[in-house]
Structures are given as C-alpha cells and as structure tokens.
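Asker: Make a model of this:
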Amino acid sequence: MNLHLKRIVEVSLSGLSSNTKRAYQGRIDLFLSWLELDQEKFSRDSVQRYLSIHCSSAASVWNQSIAAVKKLSSEAAANGWISRDDSDRISTIQSKTERGSKAGVWLTRTQAKEIIRLPDPDTLRGARDSAVLHLLLGSGVRRFELSGLRWNQLRFVEDRWRLMNIVGKGGRIRTITLPDWCVASLFQWAAWMMYVDSTSFSADSVIRRSFRWRSVKRRLSESAVRNIVVYYSSLAKSRCAPHDLRRTYGKLARKGNAPIELIRDSLGHASVQTTEKYIGAGEEANAGDFIFLDLEQE
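Answerer: So this is what the prediction gives:
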C-alpha cells in the first residue's frame with residue numbers, strides 16, 4: 001500500500017471508536033488486497049463482485065464490509081483516486097437485513113456477584129481489578145469508554161454519584177448514575193491510588209496500569225480490560241468478555257423492572273429496538289414451555 005493510499009485509509013477511519021476502527025481497517029485491507037490481486041478498478045461493479053465472493057455468508061459480514069468500503073470510497077473521491085460518480089454509485093449498494101437475532105451471553109445475578117467478589121481489594125492490583133469489574137457491571141460502559149474514563153467525570157449531582165459526559169459510539173454523549181456498590185469499589189481503588197502516589201490523582205485516568213506497589217500514570221488499555229474480565233470469569237467458571245458484562249448490566253436492570261428507555265439511554269443506544277436485541281427481550285420464555293406432556297403416567 002503506497003503512502004497516498006495509506007493516508008486515504010487513515011482519514012476515512014478517523015473519528016471512529018477504536019473497536020470500529022479496528023474492524024473497518026480489517027475489512028478495507030481485505031478489499032484492497034483483493035482489488036490489487038485481481039487488478040480490478042475501484043468501482044461499484046468491483047465492490048459488488050467482491051461482496052458476492054467473500055462476504056455472502058452472513059449479513060453481518062456483508063454489512064460491515066460495505067460500511068467500511070463506503071467510507072473508503074467517499075474519501076477516495078475527495079482525494080481524486082476515483083470519481084465522485086463512482087463514489088455515489090458505491091454508496092447506493094444496499095446492506096442486508098439480518099433475519100432473527102443472535103443469542104447473546106448474559107450472566108445471572110449469582111454469577112455476576114461471584115465474579116466481582118473474586119479480586120482481593122486489600123491489594124493494589126486487586127482493588128483496581130475490582131473497580132474494573134464493578135464499573136462494567138454497574139454502569140454498562142464499553143471497554144474503550146472505561147479505558148478513557150477520567151476522575152473529573154465522576155461527580156456528585158442531585159444526591160447521586162454519576163459518570164458525566166461519556167462519549168460513546170456515534171459521538172453520543174450520556175450520563176450514567178452509579179449504584180452505591182459500584183461507587184464503594186471506586187472509592188476503595190481511589191484510596192489505594194492516594195496511598196501509593198498522592199500526586200497522581202485529580203483529572204487523570206481512573207483505571208491505570210499497576211506494577212507491584214506502584215500505580216503507573218498510564219491508562220489501562222482495552223486489551224488489559226479484556227484480560228481482567230476473562231481471567232476472573234474463568235476462575236468463576238463463567239468465562240465471558242467485557243461486552244458480555246455490558247449485556248448483563250442491561251439484562252439485570254430489565255429484570256429489576258428498569259424502563260427500557262432508561263436502559264437504552266444508559267447503554268448509549270440510538271433506538272429501543274437495539275436495546276431489546278441487546279438484552280434479549282422476550283427470550284426468557286420458550287415455545288416449548290407451553291407444551292404440557294404428562295409422560296410420567298405412560
């Protein structure tokens with residue numbers, strides 16, 4: 001990939017969240033490799049041919065690929081790589097409708113309690129890991145949002161502790177009210193930070209790397225957040241990922257009779273329909289539950 005094309009790709013991906021950027025980067029790399037290998041011109045016909053060959057297996061793969069390529073084509077037209085007409089024609093390629101919904105992973109209340117009780121809050125690393133798990137289960141933040149949290153976003157407003165101005169996907173900004181048990185874990189982690197380095201507080205990152213008895217002034221990476229969740233959930237025999245704790249947050253809130261609109265706002269979704277799919281609304285019952293066969297008498 002030449003420098004000019006590399007710059008076009010970088011600009012086309014700017015402004016996206018780190019997870020979306022990573023996924024789109026992979027789709028664009030695959031498309032450009034195919035384009036070069038088959039010596040195809042970047043056009044609507046070549047994009048459709050690529051999609052039909054490599055992305056027809058699942059609607060989600062097709063939709064993610066076309067979304068990434070559309071962003072690339074728009075920036076390519078702005079830089080003179082392809083014509084504006086070609087870019088407009090590429091933008092008319094339709095996404096596919098997913099039929100049904102995929103099953104997600106949610107923890108029960110018992111499983112969630114077991115996981116967040118595993119870290120030892122009487123150690124520096126244990127207090128940090130406990131804060132990570134409590135935040136994921138108590139606020140439903142995405143891991144990139146957790147990684148980027150700063151102390152000045154935690155404020156006491158109207159008698160409740162809240163995370164203010166969380167910038168999520170699509171640039172949507174939201175405020176999340178924290179439950180008391182989540183705040184308690186955060187304060188315990190804050191006390192440890194003040195103990196090991198009283199100069200490292202204020203507006204710095206909430207969740208940081210730790211090394212033995214030192215808190216390093218570098219925020220915890222998204223990969224490290226994932227490793228923490230996988231480690232403790234594996235110990236609890238309920239292996240899951242950070243996003244599964246986000247789903248669990250929504251699921252348990254719904255079971256606690258929280259309004260679906262409130263859960264939508266807390267998760268930062270654009271629509272209630274997205275939230276319903278996310279938390280598996282309506283999946284508690286099964287058609288088989290309504291089949292009554294008295295087999296014991298046979």
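Asker: number of nearby residues for Asp204?
Answerer: By other CB atoms under 10 Å, 16 other residues sit near Asp204. C-beta here means a position set from N, CA and C on the backbone, and glycine is covered the same way.
Asker: same check, this time on Tyr278
Answerer: So Tyr278, with other CB under 10 Å, has 22 neighbours.
Asker: would you put the C-alpha positions of the helix or strand that contains Ser60 in CSV?
Answerer: Per DSSP states H and E, Ser60 falls inside helix 59-78. Extracted C-alpha coordinates of helix 59-78, given in CSV (Å, rounded to 0.1, in the frame of the first residue of the first chain):
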residue,chain,number,x,y,z
ALA,A,59,-25.5,-10.4,6.7
SER,A,60,-23.3,-9.0,9.4
VAL,A,61,-20.1,-9.6,7.4
TRP,A,62,-21.7,-8.1,4.3
ASN,A,63,-22.9,-5.0,6.2
GLN,A,64,-19.7,-4.3,8.0
SER,A,65,-17.7,-4.7,4.8
ILE,A,66,-19.9,-2.4,2.7
ALA,A,67,-20.0,0.2,5.5
ALA,A,68,-16.1,0.2,5.6
VAL,A,69,-15.8,0.3,1.8
LYS,A,70,-18.3,3.2,1.5
LYS,A,71,-16.3,5.3,3.9
LEU,A,72,-13.2,4.5,1.9
SER,A,73,-14.9,5.4,-1.4
SER,A,74,-16.0,8.8,-0.1
GLU,A,75,-12.5,9.7,1.0
ALA,A,76,-11.0,8.3,-2.2
ALA,A,77,-13.3,10.5,-4.3
ALA,A,78,-12.3,13.6,-2.2
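Asker: Give the rounded mean pLDDT of the next helix or strand after that helix.
Answerer: Proceeding N to C from helix 59-78, the next assigned helix or strand is helix 84-91, under DSSP H and E. Mean pLDDT, computed over helix 84-91, is 92.
Asker: what element comes up after helix 84-91 heading to the C-terminus?
Answerer: Following helix 84-91 toward the C-terminus (DSSP H and E): helix 109-116.
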